[in-house]
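> coords please:
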Amino acid sequence: MPKTILIVDDNVELAESLKDTLTSEGFIARIATDSAKALDLAASTTPDVAIVDIELPVMDGYELAEHLRALPQMDNCLLIAVTGYSQAHDERKSRDSGFRHHLVKPVDIGQLLTLLG
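Purely as a prediction, here's the structure:
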């Protein structure tokens, strides 16, 4: 059964492009353009992976990760941060928020596919 991936990014073009790439690789991908929609989708679809942009309006990706982790059905979900922030303290903040991986934009698709492996 293919993995279900939740893509959370307020940049619709980037989200659609990533969705197209992941779909062509055999994944089921859903898009949320804000944190509220991401929480709704996570609750209704129970994704295997959530790829979350850190720079989101209203609720940033760090806070969203904490809310996602609080959902019982998200216990086994792999959280991947996607951001322009590349300093060591940014990676620490991602991990402290519940992300297992921290990828810097532009995302290397090969690296992402390896993580999704």
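
> for the chain, what spans make up the strands?
Listed in chain order, the strands of the chain (DSSP state E) span 4-8, 28-32, 49-53, 78-83, 101-104.

> redo those strands as CSV? Include mean neighbour count, mean pLDDT and distance to residue 111.
(C-beta placed from N, C-alpha, C; glycine too.) Written out in CSV, the entries for the strands of the chain read as follows (neighbours: other C-beta atoms under 10 Å; pLDDT from 0 to 100; distance: least, C-beta to C-beta, whole Å):
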stretch, mean neighbour count, mean pLDDT, distance to residue 111
strand 4-8, 24, 98, 15
strand 28-32, 20, 98, 17
strand 49-53, 25, 98, 12
strand 78-83, 22, 97, 10
strand 101-104, 17, 97, 7
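
> I'd like those strands as CSV, with distance to residue 18 appended.
Below are the strands of the chain laid out as CSV (distance: least, C-beta to C-beta, whole Å):
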stretch, distance to residue 18
strand 4-8, 5
strand 28-32, 7
strand 49-53, 7
strand 78-83, 9
strand 101-104, 11
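
> right, so of those, which gets closest to residue 92?
When those are compared by C-beta to C-beta, strand 101-104 sits nearest residue 92, at 9.0 Å.

> which strands or helices does the closest one pack on?
Contact here means 3 or more C-beta pairs under 8 Å, 6 or more residues apart in numbering; DSSP states H and E; on that basis strand 101-104 packs against strand 78-83, helix 88-97, helix 109-116.

> and of those, who's closest to residue 52?
Taking the helices and strands packed on strand 101-104 one by one with C-beta to C-beta, strand 78-83 is closest: 6.0 Å.

> what lies in contact with that closest one?
Applying C-beta atoms under 8 Å, 6 or more residues apart in numbering, the set of residues contacting strand 78-83 from outside is 9, 48-55, 61, 65, 68-69, 90, 94, 97-105, 107, 112, 115.

> do the same with stretch 102-117
Taking C-beta under 8 Å, 6+ apart as the criterion, the residues outside stretch 102-117 that touch it are 3, 5, 18, 21-22, 25, 27, 49, 51, 78, 80-86, 90-91, 94-95, 101.

> in the chain, which helix has the most residues?
Of all segments of type helix in the chain, defined using DSSP state H, the longest is helix 12-24.
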